[in-house]
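> Sharing a model prediction with you, sequence too.
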Amino acid sequence: MKFKWRLFFTYLLVVLVPFLGAQVYLADTHKERLIAQTEQRLLKEAFLIRTVIEKGQGYARGPAAVDRLVKVMGKDIGDRITVIDRRGTVLGDSEVAAGAVKDMEDHSNRPEFIAAFKQSHGMAIRHSVTLGIDMMYLAVKLEHAGRFVGVVRVAVPLTQIRELTRKTEVTLFSAFLVCVFFILVLNIVASKELSRPIEEVTRAAEKIAEGDFDVRVHPSAKGEFEALSHAINVMAAEIEERINEITEEKETLTTILGDMSDGVMVVDAQGRITLINRALEGLLGDRADVVGKAPVEVIRSAELQDGLAAVLRGEGTFETALCMNTGGADRIFDVTIAPLKPMGRMQGAVAVFHDITVLKRIDKVRRDFVANVSHELRTPLTSVKGYAETLTEGQVKDEAQVRRFARIILKHANRLSRLVEDLLSLTRLEAEGSTPKKTAFRLKDVIEASVQVVRPAAEAKGITLAVEDMADQLAVRADRDQISQAVINLLDNGVKYTPEGGKVTVAVIDTADAVQVTVRDTGFGIARDDLERIFERFYRVDKSRLREAGGTGLGLSIVKHIIQGHGGKLWVESELEEGSAFHFTLPKDRSTESGGTTSGTA
Amino acid sequence: MTSKLERELEDLKINLLKMAAVVEEALEGALAAHNKRDGVLASSIIENDDDINAMENAIDQQCLRLLALKQPMAVDLRFITMAMKINMELERIGDQAVNIAERTLQIIEEPLIIRPYGLNKLARIAQAMLRDSMNAFVEGNVAQAEAVIDRDDEADSLYLNLVCDILEHMTGDASLVVQGLHFTGIAHNLERVADQATNICEDIVYMVECRVVKHQSLFKKANPKKP
């Protein structure tokens, strides 16, 4: 209920109680007193009339005389007068016509008549059938010659009293209405005064609840309300400060999460994803609407799902390695899942995806390298040792046999020396501060020379070796020996991994800012998984393939180092069973180019 | 507010996806073992099949319990029954992974002579179809499911080419028959994986749209009046 109305009803009650009291008082006491007065008056009249009838020429002259007398007196007094004899027969009545008096009913059963018999007089108030209104009847005993002969009755209608009472009631009610009107006016003024500060405070509180913390209450009233509005103002300021703090913290967190290179996933207590950061979003590709889903719906891993469930059950933190296919290459993640448990209540869990693909690969490369070097060295060494021991024992006498053994030893020693040679050149290339000894030369010359080196091997396998798209006059400034080695290695590789009857081509393309050399073959191709690793030392795509091909497993690695040393790029395109294309670029150096031309013309 | 049934269906979905994850890993592992001629890995795939079977049983139990206790209607009913079918298909794909692993164990007994070109491509297609079918299941994506169904033809023709290629090797040199048979077996397993992924996608289309795309030729015959 509104404040205004509550106030109003209180006032109303306060006024209503005295008015009702007055009403009750008037209805009872006031009315009683009026009746008693009337009774007194009637009694006096009755005594007078009795005296007239007894002592005067009334009763002794018979009923007709009585009737006449009564009618005369009744007209004078204005009240109704009735004379009734002992048996109840009406002898005279002031308000009934003379002829009709003897037809009037028996009055012996009237209460005032009976009372007058017993005592000297009797009174009754009742509805008169004869006149149709409330009447007061008062009867006194009539005696004649010391004998009881009848009753004189005086009656008066009570309309007067009723009117009087109603008049007072009307006055009272009017006064009441006036009071109510004043209450209304007073109420409007007072309640407005009272409720205005309350409404102001309420409005301010509502605005604060809606998030508008700039609102302040301007106290328009003193006293309690001032304290209240002050409290609200302090609260608003406090909340504003807290909200600002929280917003700032949240922004900091969002920035940290967004800029983190590790993927982060947050799930709620039900195991639904509530947040993933940008890094993880990038890993998931186009499946952006992940919020509200179960982790397994987004990252198909039973381990991740079970791990999260275990952490949410309160089994501490969880760590696992996870392999994820992220649109192309598989990546390996170290996933750590920790519970989110502010104030000891399980709110969810957070999973951090740390990409360890590179680490794993480096680790594998290192381990593979050591194993490979030992293996590659051991195989020829075993042969050398074996044959040398046999020769030392002097069991082999046949000279041809001895020579054959020596040739085998030489072959393996050559292989060992090639290997060591390759390893050394790799080490030189890797060594810091080593810069290629750059000279200007025509690329065409180097490539043609390189093709000549590989041609015998190609012809032996029936492989066509072709030079295409040669930019004839293109000169570069580079380490001639190194570039030559790189091209030979690539061509050699192409020949090795192309089945008989295939084709290996080399092309030089003059692009806008670089010289690009492409060696293309129609060989076995390289599987996607292997593509990234073929430039690693000793990495072989096909481990089952016998090493008879004669490579050291270092060729591509050397090419990579040479090209990188020249500030160029080396990459490979390959489709299984269709062949591979190795490309490398050498940056063009304008000054070198012009210098080369000058020296050419000189 | 989610109802209890909804939560249980969600739980079923998660279990099914976990099953799919494990099966995908098994297939991936079997193929990796084959490519790297890694006997240890192949053996571990064969051993892990027990886990997949246990998961299949658990999901079956869960489906039956839901059907019996909740008496689901309409889309929920379709989801549960299709989950049972997808579950079965996944378990079979798990079996194909085991088959591939077993054949790998035999192949690596002897040096590799045949290099069946196209096997890796078939493997990639089958794996992609399986992955896409489960992605379609997660999203309820009918278009994606239908794309997988369409790819089945590609897998089939690749399989045929592969078998012809291997047959050529075998007819040329009788000593290659054993190895050739192993390779045809693996190719067949992969072709089956593609088929099962197709089945899963057909189930997904039915689950989402209540539309039968299975055995279309049969349907056309049964309702010749329909266009």
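Yep, that arrived. All values reported here derive from a predicted model rather than from experimental measurement.
> all contacts plus neighbour counts: C-alpha atoms, from now on.
OK.
> List the contacts of the closest residue to chain B within chain A.
Residue nearest to chain B within chain A: A:A302 (4.5 Å; Cα to the nearest Cα). Each residue near A:A302 by Cα atoms under 8 Å, 6 or more residues apart in numbering or on different chains is listed here: A:296, B:17-19, B:21-22.
> quick one: what helix or strand has the residue in chain B that chain A sits nearest to in it?
Residue nearest to chain A within chain B (Cα to the nearest Cα): B:K18, separated by 4.5 Å. In this structure, B:K18 sits in helix B:4-36 according to DSSP states H and E.
> And chain A, what are its domain boundaries?
Chain A breaks down by automatic domain parsing into domains covering A:3-163, A:211-259, A:261-355, A:361-430, A:439-601.
> can the ones you listed go into TSV with extra columns for mean pLDDT and distance to B:M129?
Formatted as TSV, those follow (pLDDT from 0 to 100; distance: least, Cα to Cα, whole Å):
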stretch	mean pLDDT	distance to B:M129
domain A:3-163	80	72
domain A:211-259	81	33
domain A:261-355	82	14
domain A:361-430	83	28
domain A:439-601	78	18
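> Select, out of those, the one closest to A:E193.
domain A:211-259 (8.5 Å; Cα to Cα).
> Quick one: name the residues of chain B near chain A.
B:14, B:17-22, B:111-112, B:117-118, B:135, B:138 (Cα under 8 Å from any Cα of the partner chain).
> In ChimeraX, how would I select the buried members of those residues?
Remark: buried members of the residues of chain B next to chain A, expressed as a ChimeraX selection using 16 or more other Cα atoms under 10 Å in any protein chain shown:
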select /B:14,17,18,19,20,21,22,117,118,135,138
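> Low-confidence ranges, chain B, go.
B:1-2, B:213-227 (pLDDT under 70).
> What segments of it are helices?
B:4-36, B:39-70, B:74-107, B:119-139, B:142-172, B:177-209, B:216-222 (DSSP state H).
> which one of those helices lies closest to A:T382?
Closest approach to A:T382 among the helices of chain B (Cα to Cα): helix B:4-36, 26.7 Å.
> and the closest one with helix B:74-107, angle?
20 degrees (axes from the mean of the first three to the mean of the last three Cα atoms, to 10 degrees).
> so what does helix B:4-36 touch, helix or strand wise?
If you count contacts as 3 or more Cα pairs under 8 Å, 6 or more residues apart in numbering or on different chains; DSSP states H and E, helix B:4-36 packs onto helix A:295-298, helix A:302-312, helix B:39-70, helix B:74-107, helix B:119-139.
> Quick one: those as JSON lines, columns for distance to A:V154 too.
Converted to JSON lines, the helices and strands packed on helix B:4-36 look like this (distance: least, Cα to Cα, whole Å):
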{"stretch": "helix A:295-298", "distance to A:V154": "110"}
{"stretch": "helix A:302-312", "distance to A:V154": "105"}
{"stretch": "helix B:39-70", "distance to A:V154": "96"}
{"stretch": "helix B:74-107", "distance to A:V154": "99"}
{"stretch": "helix B:119-139", "distance to A:V154": "109"}
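> how much space between the residue of chain B closest to chain A and B:V98?
Distance of B:K18 to B:V98, computed by Cα to Cα, to the nearest Å: 18 Å.
> Give me the most central residue, chain A.
A:T274 (10.0 Å; Cα atoms, centre = their mean).
> what about that one, helix or strand, and which?
For A:T274, the host element (DSSP H and E) is strand A:273-276.
> likewise A:E448?
Short version: A:E448 belongs to helix A:443-461, going by DSSP H and E.
> Any buried residues in that helix, and which?
Neighbour count says helix A:443-461 has A:443-444, A:446-447, A:450-451, A:454-455, A:458, A:461 buried, by 16+ other Cα under 10 Å.
> picking that back up, and the helices and strands packed on helix B:4-36: which comes nearest A:F113?
Comparing the helices and strands packed on helix B:4-36 by Cα to Cα, helix B:39-70 comes nearest, at 93.8 Å.
> and the residue of chain B closest to chain A, what is it in contact with?
Residues in contact with B:K18 (Cα under 8 Å, 6+ apart) are A:296, A:300-302, A:305.
> And the buried ones among these, selectable in ChimeraX?
The ChimeraX command for the buried members of those (criterion: 16+ other Cα under 10 Å) is given here:
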select /A:296,300,301,302,305
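> Which elements pack onto the helix holding A:E448?
Against helix A:443-461 (3+ Cα pairs under 8 Å, 6+ apart) you get strand A:464-468, helix A:480-496.
> any idea which of those is most buried?
helix A:480-496 (a mean of 22; mean count of other Cα atoms under 10 Å in any protein chain shown).
> State the number of residues packed around residue 157.
In the absence of a named chain, this looks at chain A. Counted with other Cα atoms under 10 Å in any protein chain shown, residues neighbouring A:P157 total 20.
> was after chain B, sorry
B:S157 has 13 neighbours, counted by other Cα under 10 Å.
> One more: B:N87?
Count around B:N87 with other Cα under 10 Å applied: 23.
> repeat for A:D134
Applying other Cα under 10 Å, we find 16 residues neighbouring A:D134.
> do you know how far the spatially closest residue to it that is not a sequence neighbour is from A:M136?
Nearest non-adjacent residue to A:D134, counting by Cα to Cα, 6 or more residues apart in numbering or on different chains: A:H127, 4.3 Å away. Plainly put, A:H127 is 9 Å away from A:M136 if you go by Cα to Cα.
> Of those two, which one has the most company?
A:M136 (21 against 14).
> Brilliant, that's me finished.
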